[in-house]
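S.K.: sequence first, then the predicted structure:
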Amino acid sequence: MSKSIVKIVVATALFAGVHSLLASRAAKRGAAKMLGERRRNALYRPFYNAQAVLTFGALVLYGGKLPDRELYRASGPLSHLMRLGQALSLLYLLYGARQIGLLRFAGVPNLWALLAGRTHVPREPEGQGPALDASGAVKATGPFRASRHPLNFGMIPVLWLTPRMTVNLAAFNTVVTVYLIAGSVHEEARLRATYGQPYLDYQKSGVNFFIPSASRLLALGRGEDHE
């Protein structure tokens, strides 16, 4: 079992490292030099999302072949409650993606602009943060009023509230949890570099870094999504 844990930890860390490297500004600058700014703007986000899905699928297949042992299995009402927590977290995550723009987040408008032959192809969003509004301030709506990284946080309950936990899954979840928190720190640096003072103002606005504010979540639940 110890060898399986080491293998799953190393494989997950490699996945996270590649994911983080490709999200870096240096990787994007390298792609622009290779493809040109217009093609890079159109192709980078679809490529990034595709490689994330493929490499994650490969990681799951690899982990599934390793020896494993069950740690616990919840049943009855507790199992249903855990599934409900996962479902609510997924809805929260999708709500955050909707604030960014699902098609925009997937890179569809950029790719379509290239295929349509448009001269100007805009850059994809920098990270998983809110865009700027017409006044130049960070448009913190929906989950972005409760946490600055709702998409990353939303993954954690999905991972840990599974009714059946194994040794390998616990090792995988631990590495991914650390990566999601560290990745949020990395993402903040990129967003500050991109947006400058507006993002600094957002950081100082009282919105929690990672774990959503309970009072603000309740306000969202009551439909109080306003500045």
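M.R.: In hand now; what should we look at?
S.K.: contacts only, for the residue located most distally from the centre of the chain.
M.R.: Distance from the C-alpha centroid of the chain peaks at Gly76, with 31.2 Å (Cα atoms, centre = their mean). Contacts for Gly76 (Cβ atoms under 8 Å, 6 or more residues apart in numbering) come out as none. C-beta coordinates here come from the backbone N, C-alpha and C atoms, glycine included.
S.K.: next, give phi and psi for it.
M.R.: phi 70, psi -150 (degrees, to the nearest 10).
S.K.: got it, and Asn208?
M.R.: Torsion angles, degrees, to the nearest 10, at Asn208: phi -60, psi 150.
S.K.: was I right about it contacting Ser147?
M.R.: Yes - counting by Cβ atoms under 8 Å, Ser147 is a contact partner of Asn208 at 5.1 Å.
S.K.: the more surrounded of the two?
M.R.: Ser147 (23 against 16; other Cβ atoms under 10 Å).
S.K.: quick one: the helices in this protein?
M.R.: Under the criterion DSSP state H, the chain carries helices at the ranges 2-23, 25-35, 37-64, 76-100, 102-106, 108-115, 150-160, 167-195, 197-203, 214-221.
S.K.: next, format those helices as JSON lines and append distance to Val138.
M.R.: Shown next, in JSON lines, are the helices of the chain (distance: least, Cβ to Cβ, whole Å):
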{"stretch": "helix 2-23", "distance to Val138": "19"}
{"stretch": "helix 25-35", "distance to Val138": "19"}
{"stretch": "helix 37-64", "distance to Val138": "20"}
{"stretch": "helix 76-100", "distance to Val138": "11"}
{"stretch": "helix 102-106", "distance to Val138": "16"}
{"stretch": "helix 108-115", "distance to Val138": "21"}
{"stretch": "helix 150-160", "distance to Val138": "14"}
{"stretch": "helix 167-195", "distance to Val138": "7"}
{"stretch": "helix 197-203", "distance to Val138": "4"}
{"stretch": "helix 214-221", "distance to Val138": "15"}
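S.K.: per-residue pLDDT, Val176?
M.R.: Val176 is assigned a predicted lDDT (pLDDT) of 94.
S.K.: unless I'm mixing things up, it is touching Trp160, no?
M.R.: No - shown here, Val176 and Trp160 do not form a contact pair, counting by Cβ under 8 Å, at 9.9 Å.
S.K.: the closest residue to Trp160 other than its chain neighbours: neighbour count?
M.R.: Leaving aside its chain neighbours, Trp160 sits nearest to Asn173 (5.9 Å; criterion: Cβ to Cβ, 6 or more residues apart in numbering). As a burial measure, Asn173 scores 18 neighbours (other Cβ under 10 Å).
S.K.: could you do Ala16 as well?
M.R.: 18.
S.K.: in contact with the residue nearest to it when sequence neighbours are not counted: list those residues for me.
M.R.: Computed as Cβ to Cβ, 6+ apart, the closest residue to Ala16 that is not its neighbour in sequence is Tyr179, at 4.0 Å. Shown in contact with Tyr179 (Cβ under 8 Å, 6+ apart): Thr12, Ala13, Ala16, His19, Ser20.
S.K.: and Arg216, by the same measure?
M.R.: With contact taken as Cβ under 8 Å, 6+ apart, Arg216 is in contact with Arg145, Ala146, Val207, Asn208.
S.K.: how close does the third one sit to Val138?
M.R.: Distance from Val207 to Val138, counting by Cβ to Cβ, to the nearest Å: 9 Å.
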